[in-house]
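Student: coordinates for the following, if possible.
(chains A, B, C and D)
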Number of protein chains: 2
Amino acid sequence: MADPHPAVLMFVAQRHVEKQVLEHLWERGYDDLTLAQGRIAARLGEHGSRLTELAEAAQVTKQSAGYLVDQLERAGYVERRPDPTDARARLVCLSDRGRAVQQEARTVERRIAREWSRHLGAERYRELGAMLAELREITDPWWGGPSS
Amino acid sequence: MADPHPAVLMFVAQRHVEKQVLEHLWERGYDDLTLAQGRIAARLGEHGSRLTELAEAAQVTKQSAGYLVDQLERAGYVERRPDPTDARARLVCLSDRGRAVQQEARTVERRIAREWSRHLGAERYRELGAMLAELREITDPWWGGPSS
DNA sequence: ACAATGTCGTCAGTCTATCTGACCATTAAT
DNA sequence: ATTAATGGTCAGATAGACTGACGACATTGT
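Tutor: Residues are numbered from 1 along each chain as shown, chains lettered A, B, ... in the order given. Alright, predicted model coming up:
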């Protein structure tokens, strides 16, 4: 078989991470979370994010993002607060329960990062991260460079 | 913002490629293809693939894969033939129309590969591919090594 | 000041993609 | 020969995604 395109390999690796994280969370009792909800929640900033930002980051329409945030809110993972700087907007913030989940998720991500680093070698793993960050400059239309 | 996990960056890059390919195909008149159908079609081997293989490669259930193959078949991109080596199985094969689409898709993939190679440098781009292939060994449960 | 235009988010409606569970046919293992 | 495993389909349910339209507020320019 010919060399698969890097994107195909990224698909495999990325899905593996999502799956590992989600399964870990399910085992820990957060078994009402779905993959789509997780993709939204994973992109929440510490100080809260606007719906439109979340939608762009997760590559879905704002309607879809709103639907998922509704569910996360009903399940108690996030809450919506008015944005003090813009009365049209609302900030989606993690609740305490949400923060606990995020900690769990990050634990798994760190574990996987260690596995990858061990498998590739620490130096090459760092180089992988650097290259992916550079690719973002030409693949992510909403990416404004290191400053954002 | 802290360094995002490599998987997040892979998500962005991989989605970008899917989107570019699909938009190109739409422009070329193959505007009945959906993303999900494309994910299945992209994983079809030259000599045909079994439904179960496709499902595993695309990370969906065999029912979902069957549903999508039905659509691809109705649209004339693939055909199902009996598998001569196993009477339970059928092989999903590209039709002429399907092969034409695959050529178009590969053209875009090659263009993107060149862009990435230019952006990262040829040597680093090769190294990226090598690392992703190595990661597959620990992230893809259906991967049997270079022999498959 | 105010009109025009743009952005944030929601409502309504639709349809695709996905899942679970059950099932049949065939193959492989004991 | 049974029994278990594998390849695939059928049926039903639902999540998740889209388009389009809209109301509320913000920004910009005159």
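
Student: next, the buried residues of stretch A:126-143.
Tutor: Going by neighbour count (16 or more other Cβ atoms under 10 Å in any protein chain shown), the buried part of stretch A:126-143 is A:Glu127, A:Leu128, A:Gly129, A:Met131, A:Leu132, A:Glu134, A:Leu135, A:Arg136, A:Ile138, A:Thr139, A:Asp140. For glycine as for every other residue, the C-beta is placed from the backbone atoms N, C-alpha and C.

Student: an error on my part: the question was meant for stretch A:85-98.
Tutor: A:Arg90, A:Leu91, A:Val92, A:Cys93, A:Leu94, A:Gly98.

Student: on the three-state scheme, the second one is what?
Tutor: Assigned with DSSP: H, G, I helix; E, B strand; the rest coil, A:Leu91 falls in the strand class.

Student: gap between it and DNA strand C?
Tutor: Going from A:Leu91 to DNA strand C by Cβ to the nearest atom of the strand, to the nearest Å gives 7 Å.

Student: that residue against A:Asp83, yeah?
Tutor: Yes. Contact status for A:Leu91 versus A:Asp83: in contact at 5.0 Å, counting by Cβ atoms under 8 Å.

Student: ok so, going back, out of the buried residues of stretch A:85-98, the closest to DNA strand D would be?
Tutor: A:Arg90 (10.9 Å; Cβ to the nearest atom of the strand).

Student: residues contacting that closest one?
Tutor: Residues near A:Arg90 by Cβ atoms under 8 Å, 6 or more residues apart in numbering or on different chains: A:Arg50, A:Leu51, A:Arg80, A:Arg81, A:Pro82, A:Asp83.

Student: pop out the phi and psi values for the residue most central in space within chain A.
Tutor: The residue lying closest to the centre of chain A (Cα atoms, centre = their mean) is A:Ala42, at 3.1 Å. In terms of degrees, to the nearest 10, the main-chain angles of A:Ala42 are phi -70, psi -20.

Student: avg pLDDT for stretch A:79-95?
Tutor: Mean per-residue pLDDT for stretch A:79-95: 96.

Student: likewise stretch A:41-55?
Tutor: pLDDT averaged over stretch A:41-55 gives 94.

Student: what is the end-to-end distance of it?
Tutor: End-to-end distance for stretch A:41-55: 11 Å, by Cα to Cα, to the nearest Å.
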